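mind folding the following:
(one chain, ligands or ions: 1)
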Amino acid sequence: MRIAIAGLGTVAGGLLALLRESAQNLAVRADCRLELIAVASRTRRDVDLGGAEFTHDVLSLAGRDDVDVIVELMGGEGLALELVERALTAGKSVVTANKAILATHGDRLFALAERHNVALGIEASVAGGIPIIAALTRSLVANSIDRVTGIINGTCNYILSAMSDQGAKFEDALARAQSLGYAEADPRFDVGGVDAAHKLAILTALAFGVPFNKAAVYAEGITAVTPDDITYARELGYCIKQLGISRRTAKGIEMRVHPALIPLDSMLASVSGVMNAVQINDQATGALLFYGPGAGGRATASSVLSDLVSFARGDSVIRRRQSGSAVPLLPIEAVESAAYLRIPVIDQPGVFARIATILSEHGISIEGAIQRERAIADHKVPIVVVTQPVPETAMNKAVAALQALPAVVGTVRRIRVEHAGG
Ligand code: HSE
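From the prediction side, this is the model:
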């Protein structure tokens, strides 16, 4: 099988190394030799291409008659999307790690592959080395999935773990994640929730048979999470994780990325550092946890190679799950969840009672609370409350009413609380 690679970044480096190291083993598994013909990149790096031809002209790969499969590892949307479209149209199978193009154009690209009778492999697009695409499209194809809950951005998980376990500052932890090679070229994609939203759109499409629709994912980043939030959460029996959640409800499918308090004894609470994990709740198995490296050259190249070997063996076509009837993707306003509220107040009699009254007026029941005995400064104290699940709209109104109280002397901070059942 003759291969061309577009892109020469971290994942391409891992792929080149594994192709070199495992050539013989791969030939046995694939029942044919995987031959690297050409590598294209806008910038040349000092990497051993094993004798393959190099070109700066990325799009030229799609027109080569001596190439069967194109591996797109460039990232970004413009040129990468054009290459993938041209390659599929030219009758070449494609393996891509590009979550951004799949999250928005996935339906069109799979249709294009089908029309031209070629394969589109996307295992590397979500959670690096974790075989979650194969799990959703093959291993769990018969199961009715209720919920996907993922720690699918290693940079965020690294930052929150470092803040929680070592008391690290946000900026220092981010710099360290960048130096480890996990962060996106623009780290705002990581800490702002965009990277996780791309991945969640892909997981949701495959888990629930809905369209790839990144625009419908509600995304909130981790930049407002403070060390105090982490400390109070722990006192209440929770840790804070950045989650991607898609959930089937009676009304449709929720898709959301945001920081969340999760119980300290839940499976996902034990996932720390740059590791990723995806928990699937379905009606047959209960809960499954897929855990492993969500980024990194060799780990992600493992997923690329699995697609290549599958192509060579002829068991390559991803069959999308059919949902039976059109299932709506729900806006965040339709979500119901519990919340952690940190409310900075003036330390004076009756304030807690006033807060409890406002919550009860909005139909919100309190599950737990912390009130410090002494003011931390200027007679200000934080009151921290964890509520029972309530509709998003009721919580928004309650937060606005709390914010308007004269005794509230700073921004009311709200973080959703999730019980993923595992
Ligand atoms: N920037 C991503 C992360 C890695 O931090 O998880 C690639 O998806």
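
how about the residues of the stretch 51-200 of the chain near the ligand?
153-155, 182-184, 190, 195 (CB under 6 Å from any ligand atom). For glycine as for every other residue, the C-beta is placed from the backbone atoms N, C-alpha and C.

ok, now with 5 Å
Within the stretch 51-200 of the chain, the positions near the ligand by CB under 5 Å from any ligand atom are 153-155, 182, 184, 190.

which of these sits closest to Val390?
Comparing those against Val390 with CB to CB places Asn153 closest, at 27.0 Å.

of all the residues of the stretch 51-200 of the chain next to the ligand, which two lie farthest apart?
Across these, the longest distance by CB to CB is 10.4 Å; it joins Gly154 and Glu184.

what pLDDT does the residue in the stretch 301-422 of the chain that the ligand sits nearest to get?
Proximity of the stretch 301-422 of the chain to the ligand (CB to the nearest ligand atom) peaks at Ser303, 11.2 Å away. Ser303 carries a pLDDT score of 98 in this model.

quick revisit: in helices only, show me the residues of the stretch 51-200 of the chain next to the ligand.
154-155, 190 (DSSP state H).

buried ones from those residues, can you make that a ChimeraX selection?
Typed into ChimeraX, the next command selects the buried ones out of these (criterion: 16 or more other CB atoms under 10 Å):
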select :154,155,190
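
turn the ones in helices among the residues of the stretch 51-200 of the chain next to the ligand into JSON lines, columns for pLDDT.
Listed next are those as JSON lines, based on pLDDT from 0 to 100:
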{"residue": "Gly154", "pLDDT": "95"}
{"residue": "Thr155", "pLDDT": "95"}
{"residue": "Asp190", "pLDDT": "96"}
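
mind putting the ones in helices among the residues of the stretch 51-200 of the chain next to the ligand in TSV, distance to Ala224 included?
Formatted as TSV, these follow (distance: CB to CB, whole Å):
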residue	distance to Ala224
Gly154	20
Thr155	16
Asp190	15
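
ok, what's across the strand from Glu53?
Per DSSP bridges, the residues bridged to Glu53 are Ala38.

I'd guessed it sits against Ala40; true?
No - at 9.0 Å, Glu53 and Ala40 do not qualify as touching, with contact defined as CB atoms under 8 Å.

just want to know which of these two has more residues nearby.
Between Glu53 and Ala40, counted using other CB atoms under 10 Å, the more crowded position is Ala40 (24 against 13).

what about the more buried one, distance to Pro389?
51 Å (CB to CB, to the nearest Å).

same check, this time on Val58
The value you get for Val58 to Pro389, if CB to CB is used, is 48 Å.
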